[in-house]
Every structure is written in C-alpha cells, then in structure tokens.
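> Mind folding the following:
(chains A, B, C, D, E and F)
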Number of protein chains: 4
Amino acid sequence: MPRKMPENRLDRIHAAACAAFLKKGYGGTKMEDIAASVGVGRSALYASFPTKEALFRGLVTNLVEHALPLERILQGIEAQTLPEVLGDLIARLTLAMSKGAGPVLHRLIIAEGAQFPELGRAYRKGVLQPLVTTVEGLLELGVRRGEFTAPDTRLAAQHIAGAMIMTVLWPRVFDPRASKAKVLEAANALAGMLLYGVLKR
Amino acid sequence: MPRKMPENRLDRIHAAACAAFLKKGYGGTKMEDIAASVGVGRSALYASFPTKEALFRGLVTNLVEHALPLERILQGIEAQTLPEVLGDLIARLTLAMSKGAGPVLHRLIIAEGAQFPELGRAYRKGVLQPLVTTVEGLLELGVRRGEFTAPDTRLAAQHIAGAMIMTVLWPRVFDPRASKAKVLEAANALAGMLLYGVLKR
Amino acid sequence: MPRKMPENRLDRIHAAACAAFLKKGYGGTKMEDIAASVGVGRSALYASFPTKEALFRGLVTNLVEHALPLERILQGIEAQTLPEVLGDLIARLTLAMSKGAGPVLHRLIIAEGAQFPELGRAYRKGVLQPLVTTVEGLLELGVRRGEFTAPDTRLAAQHIAGAMIMTVLWPRVFDPRASKAKVLEAANALAGMLLYGVLKR
Amino acid sequence: MPRKMPENRLDRIHAAACAAFLKKGYGGTKMEDIAASVGVGRSALYASFPTKEALFRGLVTNLVEHALPLERILQGIEAQTLPEVLGDLIARLTLAMSKGAGPVLHRLIIAEGAQFPELGRAYRKGVLQPLVTTVEGLLELGVRRGEFTAPDTRLAAQHIAGAMIMTVLWPRVFDPRASKAKVLEAANALAGMLLYGVLKR
DNA sequence: AATGAATGAGAATTCATTCAT
DNA sequence: CATGAATGAATTCTCATTCAT
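Purely as a prediction, here's the structure:
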C-alpha cells in the first residue's frame, strides 16, 4: 500500500500540526510529534513543507482563511429587525467559530503572534477587521436609526468581537473540563447579554 | 557597578523575564535574553533560580498573586446602588488589571497553560475563580432583588470575566499600535455595555 | 561511507568508550572523545544511548558479563591433582583476564565504583563473588583432604583473587612500558608463588 | 575568633580533599565540596592553592611522601631469620599502609594516574620502586642463601608488592561493608600465604 | 516518494576561577 | 585575608534539517 492517499496528505499534516501546536505551542512542538501523529517519518514532512516555520505559517494562514464564515452566517440570518440581526450574528458566529479548529487559531495568535508579526497582521486583516467592521456597521446603522446606543461604536464593536473570541476560547483554555455541549447556550447567553445588558428593564 | 544592588535582584530578573516571556513565549525565550536584559551573565541567573522552568513558574506564580486586586478595588467603590457597584467593579478592575504586568499573565496562561498544567490551575484558582465568583455573587443578589436579569448567573459571570480579560489583552495582543490612553475609556465602555447592552431603552 | 555499517555500531561505540574511559575516567571523558573515535558526530551517539551515564553503565555491565570466563577455563583444565587444578586456574584465569578489555573493567570499578554504587554491586556479584567462591571451594576441598593449609579459606581466597586482579592491572596501571609478552610469565609466576610461597622447602 | 589556626589550614584542606577525591574522583570533585568540608568559602581555597589541579598534585605528592614508612617499619622488625624478616615486613607494611589516608593514594593513582602522568611517575618512584626493590633485595639474598626460591625475583617482588597493595585496597574498594578490624588478620594471612603458599608441606 | 541514520547549530546548565568589598 | 557574587568556558543533550539508499 505505498499509494495510500497523497491527496489529503497536506490536510492530515495540518490536522496533526494543529493539535500539536495547540497543545505545546510552536517552540514546544517537535517535527517528530507531527510526523508521528500523521504516521510518517520526520523527513516525509519535508516533502510538503520546506521548514517547520513554513508549516506553521501555512497552517495559520489556512486557519485564518476559514476562521470567520461571515458570509455564510450572514446569508443564514433570517431575522428582520436590526437587534435580532445583531443577536443572531453574535450567537451564530460564536457557535461557528467554536467548531473544529476554530479555537486553535485565536490561541495560537495570542501565544505566538508577537514572534510572527505577519501572522498577527494576517489575523487582524482576515479575522479581526472583518468581524469588528461588520459589527460596527450594524451598530452605526442602529445608532442612526435610534435603535442602538453606543457612545463609541468602534470601541463597542471591539468589545463585542473580543467577547465572542473569549467565549470561543474559554472552554479550551480556561475550563478544560467544560462540556462541549454548553457552547450553544454560551453563545446565546452572550448575545443576550451584549444586546440587553444585565440590567432589568 | 554590578556589585551594587543585589537587593532587588529577584525583581529585576522577574521584570526582564516578564518582558522576554511575553515577547517570545516560554520556549522561545533564551536564558541569555533575560540575562542580557538584567545586565548579567547567563550563569548569574542560576544563583536566583535553579532552572529556567523554576524561573518561569516563580514568575507566573508571583503574577497570579498580584493579578487581581479585588479587595482593594472593592474597598474603593463608593457607589450605593447595585448596578453602580457592578459597573464600578468592572470598570475599575479592568483598569487595574491593565496596569503593569497585568496583561502579561493572561497571555502567558493562554499560551503556555497547557504545558504547565499546575500554572493553569493556580491561575484558575487565584484569578478566574475569585473574579467569576465575585461577579456571580453580585448578579445573584441583583436577580433576587429584581434589579438584574440573567438566565444563568454563572454563565453571565463567566462572560463578564472573559470580556474583562479580553479588554485587558486587546491592546497588547490584537492592536499593538493602540494608544495606552484609551484603556480608561475602554474599561468604562465595557462596563456600560455589559450593564445596559447596546439596545436603546 | 558512514552509512555502511550500523550493524556493529554498538560494539564500536563500546570499544571507543572503553578506551576513552580507561584513559580519562568517566568525568574526564567527553562524548566528543568517543564520537570522534568512532568517527561520527556527537549526536549520533545519542541514537544508541540516551545519556552518557547510560553509555557508561551499559559498557561496564557488558564488561562485567564477559570479565570472568570461569566455565570456559574450568573446562579447559586437564590437571588431575587438586594443587595442579588450582595452579592452572590461577594461571589461566589471570591470563584470560589480561586479554582484551579485561583490565579496563577492574580499573573502572576501582576508579568509579563509589560514584556508581550499582556498578560496584554488579561487579562484586558478577566477578568478585564467583571468583572468590570458586577459589574458596577448591581451598576448602584441599584443606579437608589435607592437601592445602589455610587458617581462613575465605580470606585466603580473597587474597588469591586480589593478587590475580592486581596482576592483570599491573602492566596497565603501574608499569605502562611493560611488554605485553610478560603476561604469561607473570601469570605462571603468580600461580607458583600462591601455591608454594617463596620459602624453599 | 578570626585567627583560628591557619597553621594547619593546609592539612585540613588536604584531609577534606582526600576524602572528596576518594569518593568522587578528580573530575567528580567540586571545589565547593572541599571548601564546604573545610568550612570555608570556595574562594578561600585559592589562598592556599592556585588551581584545583595544583591542590590535587600537592595532595598526591604529599600522600606519596608518607605512603611507605619503610624505614620505620624496617627498624621495628626484630625478627632474626630472613623468612621471618620478610614475613614481618609484609605484614607490618600492609598494616601500616592501611592506616589513615594510605588506601586513598593507591586508589587515586589507579583512577587518575593516566591523566596525570607525572603523579604516576612520582608514585612509581616513591612507592612502588622502593617497595619492590626492598622485597626483591630480601628475595635475592634469600635465594643466594638457599632459603628462598624464586625463578624471577623481580617478578616475585612485584607480585608481593601488588598483593600488599590489593590487600590495602580491598576493604575500601571491593568490600565497603568490611569491618576495619580485620585488617590485621588480613595482613598476617597475606604474609603467611606469600611465604608458605597454600600447599601443605 | 519515503526512510532512518547522521549532522551541527544551538540551549541549558555546571563549575573553576576572579575580584570588589 | 575571607567572602559571595559574577563570569565564561566547557559540556551534555536536543532537534530541525539533510541525504544516501
């Protein structure tokens, strides 16, 4: 069986690297960890990537590209009113970002962003900016319409984006034993809180 | 004049290590980086710490101990009504955690927590739990009094805590060029949003 | 052609390590000494042994196992009378122990035994005890038969064993310029002296 | 009490170094080991010796000078017949060499002689040669008188010297639990065996 | 294309030695 | 003089990367 399936070889490496980098960080991950996880020898990895750094960059770049399914989520929103749209966006996007390798990306950027400035830039451009901009757009529209209130829409959008990311990160980083099932609840609760606050009306 | 001040030697090492670990992470930081920053030779560090790992653990443990000036902040709050108390707590604590080495700790835990499980535990016990518990306590009281609304006070408290941490982290991690002056504004804006939401009443 | 013979790699390392440890002792031997002698880079050694200490232990353990060809020697003895058997044993065993890496072991144990207690134990169990016990057995038999005289057979056996080891060690340690050709003579002379003493009858 | 007794400072260092080098060998002994044992700081040693090597050389040279109390022993011998003189010499010298730091020297030379050739030479010249020569002299005299028999008096003398050294070494190196009380017995038994052999007459 | 043996550039750590006090 | 802090050279061990097969 020398011809297994070289097609998704790259994907399998990415998956293995993803898990390894998540657990040990860039510096703590050995090429052997990844190779063993894929089931090949160290040297085989070098057929797909010239260096460990290239592998890492490729992985993160790839994650960035799929991290924010904005368009898919936006198209799926059927709500009519602006507040409902924003709430749906927050809840659905948070949920979507929690799936699969989503949480990994944020963690890697927080951990290694300073050492790989261009990855930080790519993340900001590909994830943070679109997210913040989209939210800010909705907020501004709402403020103009008198439906939302926010002294500084950009700051508010940043806080909303940050809270979403933190919600995605929480079970992985701060609560290892958390049941994955709670993700949906958490996303909805977040949306509610950001829209209505905790103050009873 | 290296023979002059062995008094605060440990503090100086901690400060240098703090900066280095923040920038490069644990694995990426060389003892030489720290030593050079302190202004001594590599081996001088070993007079204060037996290993690099011990230095890291000591640093993080120290950061954990000073990360959450809960009591000081609580005593400083003069507000009377419950909503004002919670808002003050969020704003002041977020501001306090943004000072000095505060942001470093969160970043290190997110980055290296998986490799140093006991540090993760110490962080959860010394920072996360007190913060979440305190906020949850206020929320529950408010809910009982009919002043707050929250379907799941624990989840809400987690979200609030998470948002505070993310606010602390944001300028360091996601927005390197952000002016430090905005921290106060950001903290206040966060408190406002979490209390009132973005929905106009 | 370094890719040619990984077969006896371990043996070659052992041989090189043997020579190096003999000349410089454990502490004085650098991994590089051994590597250079084998003709490989430092790191190649770590494919065969996890640490320098493991290499040393492995070597000594190996030497212990082959240090005392008691059975082979005993089977080769054709003498009939007990005195002749003992004399043959002393002479032949001393000669055999002088061959190859034999002398190295005794020297290493004397030099490093205190730092590696378990190696000392292995040496006592694998070399000293069998040798002393065998000699003591012959002595006791002879004493019972009235052919030997020894107030304390165990002490006598220890002295005989010690004299044999010293004879093996002498040319290497105390007389670097001694011709190797004298080994046979020395072994025979030792056997004669231990049997008959120097006193003329 | 800043002026304790710097007189015997050198002796105390020698004693401490002796114990340390015996236990760990030259390479394995740290200056701190010795300093701590003397009860001073590392740097204080450098007032007495310029380097670790000089300390070691000085120690060994000193030991060599006192290792073989030939004259004292010879003067103490009251025996009249040649065999008795030789027997007394062997027994008394072996006993004398077992006292104090005696065994240390032989062990150090066996262990480190190859790394310090001049110490080996000093040992051969100051210990081995006088011992072998003296014994050989007695043997030759005895052979001429018809009292001793030895095909090769030099070889016989070497064996006797070697057996004596080994007897001195045995309890320290090969039998750590041996009671020190047995030394006298062992010395006498050795003398008997070397004179008369084990063969019953 | 894949392997595994080999490499060499580090990185942490140790320790003899120095020197200001 | 003695000390303790500091140093820097050495040494072990690791790991990304290469290359003959």
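> pLDDT weak spots in chain A?
Chain A contains residues with pLDDT under 70 at A:1-7.
> Spell out which helix or strand contains whatever residue of it ends up closest to DNA strand E, please.
In chain A, the residue that lies nearest DNA strand E is A:Ser43 (2.8 Å; CB to the nearest atom of the strand). (Each C-beta comes from the backbone N, C-alpha and C, glycine too.) If you go by DSSP states H and E, A:Ser43 is part of helix A:42-48.
> is the helix or strand following that helix up against DNA strand F anywhere?
The first helix or strand that comes after helix A:42-48 along the chain, using DSSP H and E, is helix A:52-67. Yes. Against DNA strand F, helix A:52-67 shows contacts by CB under 7 Å from any atom of the strand at A:Lys52, A:Glu53.
> in the helix or strand that comes right after helix A:52-67, what counts as buried?
Moving toward the C-terminus from helix A:52-67, the next helix or strand (DSSP H and E) is helix A:70-76. Of the residues in helix A:70-76, A:Leu70, A:Ile73 count as buried by neighbour count, 16 or more other CB atoms under 10 Å in any protein chain shown.
> For helix A:70-76, C-alpha coordinates in PDB please.
The C-alpha coordinates for helix A:70-76 follow below in PDB (Å, rounded to 0.1, in the frame of the first residue of the first chain):
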ATOM      1  CA  LEU A  70     -19.100  35.700   7.800                       C
ATOM      2  CA  GLU A  71     -20.900  35.400   4.500                       C
ATOM      3  CA  ARG A  72     -22.300  32.000   5.200                       C
ATOM      4  CA  ILE A  73     -23.600  33.200   8.500                       C
ATOM      5  CA  LEU A  74     -25.000  36.500   7.200                       C
ATOM      6  CA  GLN A  75     -26.900  34.700   4.500                       C
ATOM      7  CA  GLY A  76     -28.300  32.300   7.000                       C
END
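> Next, name the residue at the spatial heart of chain A.
A:Gly102 (4.1 Å; CA atoms, centre = their mean).
> dump the residue contacts of that one.
A:Ala67, A:Ala96, A:Val168 (CB atoms under 8 Å, 6 or more residues apart in numbering or on different chains).
> switch to 10 Å and redo it
Counting by CB atoms under 10 Å, 6 or more residues apart in numbering or on different chains, A:Gly102 makes contact with A:Leu63, A:His66, A:Ala67, A:Leu68, A:Pro69, A:Thr94, A:Leu95, A:Ala96, A:Ile165, A:Val168, A:Leu169, A:Arg172.
> helix, strand or coil for whatever residue of chain A ends up closest to chain B?
Residue nearest to chain B within chain A (CB to the nearest CB): A:Gly27, separated by 2.5 Å. Using DSSP: H, G, I helix; E, B strand; the rest coil, the secondary structure recorded for A:Gly27 is helix.
> Tell me the spacing between the residue nearest to the centre of chain A and DNA strand F.
From A:Gly102 across to DNA strand F, the span is 25 Å (CB to the nearest atom of the strand, to the nearest Å).
> And for A:Ala189?
Distance, A:Ala189 to DNA strand F, by CB to the nearest atom of the strand: 41 Å.
> re earlier: would you turn the contacts of A:Gly102 into JSON lines with distance to chain B and neighbour count?
Output for the contacts of A:Gly102, formatted as JSON lines (distance: CB to the nearest CB, whole Å; neighbours: other CB atoms under 10 Å in any protein chain shown):
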{"residue": "A:Leu63", "distance to chain B": "16", "neighbour count": "24"}
{"residue": "A:His66", "distance to chain B": "19", "neighbour count": "12"}
{"residue": "A:Ala67", "distance to chain B": "14", "neighbour count": "26"}
{"residue": "A:Leu68", "distance to chain B": "14", "neighbour count": "21"}
{"residue": "A:Pro69", "distance to chain B": "20", "neighbour count": "16"}
{"residue": "A:Thr94", "distance to chain B": "11", "neighbour count": "24"}
{"residue": "A:Leu95", "distance to chain B": "14", "neighbour count": "21"}
{"residue": "A:Ala96", "distance to chain B": "18", "neighbour count": "19"}
{"residue": "A:Ile165", "distance to chain B": "7", "neighbour count": "27"}
{"residue": "A:Val168", "distance to chain B": "10", "neighbour count": "27"}
{"residue": "A:Leu169", "distance to chain B": "7", "neighbour count": "23"}
{"residue": "A:Arg172", "distance to chain B": "9", "neighbour count": "20"}
